[in-house]
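# Sequence and computational prediction follow.
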Amino acid sequence: MTHEPAPTAWPAALALGVTLAALGVATSWLLIVAGALLAVIALAGWIVDMTREQEAEHR
């Protein structure tokens, strides 16, 4: 039996953060910092969601 992960907005937030950081390379260091910060937060949130989901499956 296969299990599909629950929908989450974290991948979109990660993509936005990477996009902002890349745009910041051409424009402003503030965008680089904001994009990198958003990307790190989104990646951490996504990992936490997936970890919780895996733990719930094994209970």
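Everything's here; your move. Numbering: from 1, shown residues only.

# and the residue lying closest to A22 once chain neighbours are set aside, what helix or strand is that in?
Once flanking residues are discounted, A22 sits nearest to G35: 7.3 Å by Cβ to Cβ, 6 or more residues apart in numbering. Just so you know, the C-beta spots here come from the backbone N, C-alpha and C atoms, and that holds for glycine as well. Using DSSP states H and E, G35 maps to helix 29-57.

# for this structure, where's the lowest mean pLDDT among helices and strands?
Of all helical and strand segments in the chain, the minimum by mean pLDDT, DSSP states H and E falls on helix 29-57, at a mean of 94.

# in that helix, what's buried?
In terms of neighbour count (16 or more other Cβ atoms under 10 Å), helix 29-57 has its buried residues at L31, I32, A34, G35, L38, A39, A42, L43, W46.

# any chance of the residues you listed in a markdown table, plus distance to L23?
As requested, these are exported to a markdown table (distance: Cβ to Cβ, whole Å):
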| residue | distance to L23 |
| --- | --- |
| L31 | 6 |
| I32 | 9 |
| A34 | 10 |
| G35 | 7 |
| L38 | 12 |
| A39 | 13 |
| A42 | 16 |
| L43 | 18 |
| W46 | 21 |
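
# Relative to T19, which of these is nearest.
Checking these against T19 by Cβ to Cβ gives G35 as the nearest, at 7.0 Å.

# That closest one and L23 touch, don't they?
Yes - taking Cβ atoms under 8 Å as the definition, G35 is a contact partner of L23 at 7.3 Å.

# returning to what we had before: of the buried residues of helix 29-57, closest to A6?
W46 (11.5 Å).
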